[in-house]
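Q: missing the sequence, but the structure's below:
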């Protein structure tokens, strides 16, 4: 991992390998380390770029509210700073997928292929948005443990924490290490994100949609329907995984990525 200055602000990024560029964008409230297994597997054949989004991991923290559009523009500036000029494969997990929609709207020429992993195209309902805003305020007042306690049961498949306590500890530690101001700012940004469902039929690029079998946040039914709206999209269900499929079943997710990247050349 290295620190990169982008517009005078510091971002943490892992940049490994050589070849066609793949941008791995983490979810909430995690960081770039959630992609460790995929970085190691893809780097022999691809240039793999895994950044910490604004407010997370080792990247700059901006209090208040950070929109998905601002995160998308951060990623475009990061690619510029890294000298990436050829079109990328954009792989977004959960919130990373939310960031992907404005990235596609504003930086479409930069994207050759799209991977949507355990994410959603629909915007928040008013009730869901209120819940995010309430959590943002509580996290700011009481710390990152609020997010860890609320999110961990939803991130892993039923029984996964008991079967793999090391993974559960790792996920919790990532959340606890995250700046509470960054968690709150992202929640406020997610609460007002635009609905992207109307964009799906006209994406016009190879797409892979991946979902954990037991995902309680972006369900397999919802993601199957999302894939059906994208012409030619490939749909992969990851057996045994919950929401954090790249961490719970890394070999299966990596295999799907490698097959898609090979076939999409």
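A: That came in fine, so what should we check first? Quantities reported herein were computed from a predicted structural model and do not represent experimental measurements. Residues are numbered from 1 along each chain as shown.

Q: for the residue lying closest to residue 123 once chain neighbours are set aside, report the pLDDT, please.
A: In space, residue 123 comes closest to residue 195 once its chain neighbours are excluded; the distance is 3.8 Å by C-beta to C-beta, 6 or more residues apart in numbering. C-beta: built from backbone N, CA, C; applies to glycine. At residue 195, the model reports a pLDDT of 96.

Q: next up, phi/psi of residue 195, please.
A: phi -70, psi 130 (degrees, to the nearest 10).

Q: wait, it touches residue 121, no?
A: Yes. Residue 195 is within contact range of residue 121, at 7.1 Å (criterion: C-beta atoms under 8 Å).

Q: more neighbours, the two?
A: residue 121 (23 against 12; other C-beta atoms under 10 Å).

Q: follow-up on the earlier one: and the residue nearest to residue 123, what does it touch?
A: 121, 122, 123 (C-beta atoms under 8 Å, 6 or more residues apart in numbering).

Q: ok, now with 10 Å
A: The contact partners of residue 195, taken as C-beta atoms under 10 Å, 6 or more residues apart in numbering, are 101, 120, 121, 122, 123, 124.

Q: which of the residues you listed fall in helices?
A: residue 101 (DSSP state H).

Q: who wins for most neighbours among the contacts of residue 195?
A: In the contacts of residue 195, the most neighbours by other C-beta under 10 Å go to residue 101, 25 neighbours.

Q: distance of that residue relative to residue 224?
A: Separation of residue 101 from residue 224 (C-beta to C-beta, to the nearest Å): 19 Å.

Q: likewise residue 99?
A: Distance from residue 99 to residue 224, by C-beta to C-beta: 22 Å.

Q: the two: which has the busier surroundings?
A: A count of neighbours by other C-beta under 10 Å puts residue 99 above the other of residue 99 and residue 224, at 31 against 13.

Q: secondary structure element for the closest residue to that one other than its chain neighbours?
A: Excluding the flanking residues, the one nearest residue 99 by C-beta to C-beta, 6+ apart is residue 71, at 4.6 Å. Assigned by DSSP states H and E, residue 71 belongs to helix 68-81.

Q: what are the pairing partners of the helix or strand just after that helix, and which direction each?
A: Scanning forward in sequence from helix 68-81 by DSSP H and E, the next helix or strand is strand 88-93. Strand 88-93 sits in its sheet next to strand 21-25 (parallel), strand 111-117 (parallel), going by DSSP bridges.

Q: average pLDDT for strand 88-93?
A: Rounded mean pLDDT across strand 88-93 is 98.

Q: the helices in the protein, which residues?
A: Going by DSSP H, the chain shows helices at 36-42, 68-81, 95-106, 126-142, 145-155, 160-163, 165-176, 180-191, 220-229, 245-248, 250-263.

Q: what comes into contact with stretch 227-235?
A: Everything outside stretch 227-235 that qualifies as a contact, by C-beta under 10 Å, 6+ apart, is 114-116, 121, 197-211, 220, 223-226, 236, 256, 259-260, 263-264.
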